[in-house]
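J.: build the 3D model from these lines:
(one chain, ligands or ions: 1)
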Amino acid sequence: MNQDDMKKAVARAALDYLNEYDMVIGMGTGSTVNYFIDLLSSVKSRVDAVVSSSDATTAKLKALGFHVKELNQTGDILLYFDGADECDQHNRLIKGGGGALTREKVVAEAAEKFICMIDETKRVDLLGGFPLAVEVIPMARSLVARKLVKLGGQPVFRQGFVTDNGGEILDVHHLKITDPVTLEQEINAIPGVISHGLFARRGADITLIADSSGQVKTQT
Ligand SMILES: O=C(CO)[C@H](O)[C@H](O)COP(=O)(O)O
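T.: Predicted structure coming up:
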């Protein structure tokens, strides 16, 4: 089974968590989420409305006839579904490969349960193999980059990419993330940082992990 098939398998398994009708749910961004949204069409009556984490996800949801609501309209939500770029044994994550990390973090924070969908290639012992995306306001980019170097990383400007919030992204390579909660706070404290893709304080509650035989394990 290739990686796309594993993404489809884990998206299928995540559907089991939609076990009520008329739920308001949150939705992440990325190819795994896109497979999940396609499958969600078959159980539409279980979904009253969706809070989206990106313009791309909103467009896909609307094209399939889902009701998309602003988080300001809904208050807290029951479930948040999203993929990730890396996940450790404590369900702490690196996200942001697609650049939607800030809104993803906001919607995840509003959810009672964050259900993360990954394939086995993304399950790691130590976070940081995948570059950490840091979203910055454009005028602060160089300042933030220098601070990230002091934290031991090698930031690379994601040229030509602008986030849905008008921010820019620095992809930080070679971080040794031995203490994810502390590093999350340290990066949050740099002036000019909007948000970043380390989800440590609020990681996933449940991670579903598909392997190459199509089996899906649950990590809590
Ligand atoms: O964090 C994300 C987007 O900002 C995605 O969840 C992450 O990049 C995984 O994407 P995919 O499901 O396409 O592998």
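
J.: residue ranges of each domain in the chain, please.
T.: As given by automatic domain parsing, the domain ranges for the chain are 3-123+201-219, 132-197.

J.: give the buried residues for the helix or strand harbouring residue 217.
T.: Element membership for residue 217 (DSSP states H and E) is strand 216-219. Under the neighbour-count criterion of 16 or more other Cβ atoms under 10 Å, strand 216-219 has 216, 219 buried. Just so you know, the C-beta spots here come from the backbone N, C-alpha and C atoms, and that holds for glycine as well.

J.: likewise stretch 201-213?
T.: 203, 204, 205, 206, 207, 208, 209, 210, 211.

J.: do the same with stretch 100-119
T.: Those would be 100-105, 107-108, 111, 113-119, for stretch 100-119 by 16+ other Cβ under 10 Å.

J.: contact partners of the longest strand seen in the chain?
T.: Assignment by DSSP state E gives strand 111-119 as the longest strand of the chain. Here strand 111-119 makes contact (Cβ atoms under 8 Å, 6 or more residues apart in numbering) with 3, 6-7, 10-11, 13-14, 17, 26, 32-33, 36, 76-84, 87, 91, 93, 108, 202-211.

J.: same question for stretch 210-220.
T.: Counting by Cβ under 8 Å, 6+ apart, 1, 5-7, 9-10, 12-13, 87, 89, 91, 117-120, 123, 205-209 sit against stretch 210-220.

J.: ok, residue 95 - contacts?
T.: Listed by Cβ under 8 Å, 6+ apart, the contact set of residue 95 reads 28, 82, 83, 84, 85, 101, 104, 133, 197, 199.
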